[in-house]
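okay, here's the prediction I keep looking at, along with the sequence it came from:
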Amino acid sequence: MELQLRMLGTGGAFSTRYANNNALMTIGDFTLLVDCGVTAIRSLHEMKVPLTSIDGVFITHQHADHIGGLEEFAFQMLYVYRQKPKLFVPSTLRNVLWENSLKGGMINPEAGLNSLDDYFEVIEIAEGSAAKLSEDFRLEILPSEHVRYKSSYSLLVNDRLYYSADTRFNRARLEELHDRGVRYFLHECKLYGAPGVHTTLEELLTLPEELQEKIQLMHYSDDMENYIGRTGPMTFLHQHELYRYPLD
Ligand SMILES: Nc1ccn([C@@H]2O[C@@H]3COP(=O)(O)O[C@H]3[C@H]2O)c(=O)n1
Ligand SMILES: [Zn+2]
Ligand SMILES: [Zn+2]
């Protein structure tokens, strides 16, 4: 069994070169879109991935580079393809995702479209245990500290691949997961400046060498090329490339 990954984009929120940091993960016959930002629909088109080939969408948090394409995804699925896609959403985000982010553009009482459930088959994911998205695809959500007092999540897939999404540096979590046998770490990276709500390259470079060797960097700024050769054993993820991660 393997996880196949293609990043729709690998850029930070203000990147114009690398598109929003959204991921397509396939295990067996199930394909999950992790986050659906402003650039997601265009990226999928460039990758020749039909919207109908996506079996479900998962949302990590409410910033536009992670949910800004969800309205178009929902409208296309409803009005073009007449399908109701699965939306996997952390329990703490379900209500605010609709009330504070999507409702303004998507509510349409005349058409009977009044809630998230009218567009999606909503499947809430709770913290604390892995959810089975399919026979082969297990997803655990790990609360992350990104913008304080707002929900955001990192992911653990099949106990083998960690996907940080947007988060401040969390050394204890990274080392604990590494000790538990997690083999692949896809981590966001702010290449320069103070950490703020993100993890900096400087912070990641303080991790043990054997952990850094398992890290691939994402959510980076447009000057990424200036940092090639300055990331220790960590490598950069590239948009649209196919990566394969054995899971056994
Ligand atoms: N306290 C904050 C909050 C947000 N930001 C910037 O806004 C972006 C929102 O999307 P993001 O991908 O989380 O990156 C955030 C920061 O660039 C920031 O720099 N500081
Ligand atoms: Zn982001
Ligand atoms: Zn964010």
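Received, thanks. Ligands and ions are numbered 1, 2, ... in the order given.

same for the longest helix anywhere in the chain, what does it pack against?
In the chain, assigned by DSSP state H, the helix with the most residues is helix 171-179. The helices and strands touching helix 171-179, judged by 3 or more C-beta pairs under 8 Å, 6 or more residues apart in numbering; DSSP states H and E, are strand 184-188, helix 209-212. In short, each C-beta sits where N, CA and C put it, glycine included.

run through who's touching that helix.
Here helix 171-179 makes contact (C-beta atoms under 8 Å, 6 or more residues apart in numbering) with 142, 154, 156, 162, 185, 187, 203, 206-208, 210-211, 214.

tell me how far the closest residue to residue 28 other than its chain neighbours lies from residue 4.
Distances taken as C-beta to C-beta, 6 or more residues apart in numbering place residue 136 nearest to residue 28, at 3.6 Å, with adjacent residues excluded. Applying C-beta to C-beta, to the nearest Å, the value for residue 136 to residue 4 is 12 Å.

which neighbours do these two share?
Joint contacts of residue 136 and residue 4 (C-beta under 8 Å, 6+ apart) are residue 27.

near ligand 3, which residues of this protein show up?
With C-beta under 5 Å from the ion as the criterion, the chain meets ligand 3 at residues 63, 166.

please enumerate the helices of the chain.
Counting by DSSP H, the chain has helices at residues 40-46, 64-67, 70-75, 91-96, 103-106, 171-179, 201-204, 209-212.

now the last one: how far from the chain's centre is it?
It refers to helix 209-212. 23 Å (C-alpha atoms, centre = their mean, to the nearest Å).

in that helix, what counts as buried?
Neighbour-count burial for helix 209-212 flags 211-212 (criterion: 16 or more other C-beta atoms under 10 Å).

all strands for this structure, in order.
Applying DSSP state E to the chain gives strands spanning 2-7, 23-27, 30-34, 56-58, 86-90, 121-125, 131-132, 138-143, 153-157, 161-163, 184-188, 215-218, 235-236, 242-246.

what's near enough to touch the spatially closest residue to residue 217 that is not a sequence neighbour?
Residue nearest to residue 217 in three dimensions, not counting chain neighbours: residue 189, with 4.2 Å by C-beta to C-beta, 6+ apart. The contact partners of residue 189, by C-beta under 8 Å, 6+ apart, come to 198-201, 204, 217-220, 234.

tell me the bridge partners for the residue most central in space within the chain.
By C-alpha atoms, centre = their mean, the chain has its centre lying nearest to residue 34, at 3.8 Å. When bridges are called by DSSP bridges, residue 34 pairs up with residue 23, residue 58.

what do you get for residue 3?
residue 27, residue 245.

state the distance from the residue nearest to residue 28 to residue 130.
On the measure of C-beta to C-beta, residue 136 and residue 130 end up 12 Å apart.

smallest gap between the protein and ligand 1, at which residue?
residue 13 (3.3 Å; C-beta to the nearest ligand atom).

list the contacts of the nearest residue to that residue once chain neighbours are set aside.
Leaving aside its sequence neighbours, residue 13 sits nearest to residue 65 (C-beta to C-beta, 6+ apart; 4.6 Å). Residues in contact with residue 65 (C-beta under 8 Å, 6+ apart) are 11-13, 20-21, 35, 37-39.

look at residue 65 and report its pLDDT.
Here the pLDDT value assigned to residue 65 is 98.

the one 4 residues further on now?
If you check residue 69, the pLDDT there is 98.

right, and it touches residue 41 too?
Yes. The pair residue 69 / residue 41 is scored as a contact, 5.1 Å apart, by C-beta atoms under 8 Å.

please consider this matter closed, and thank you.
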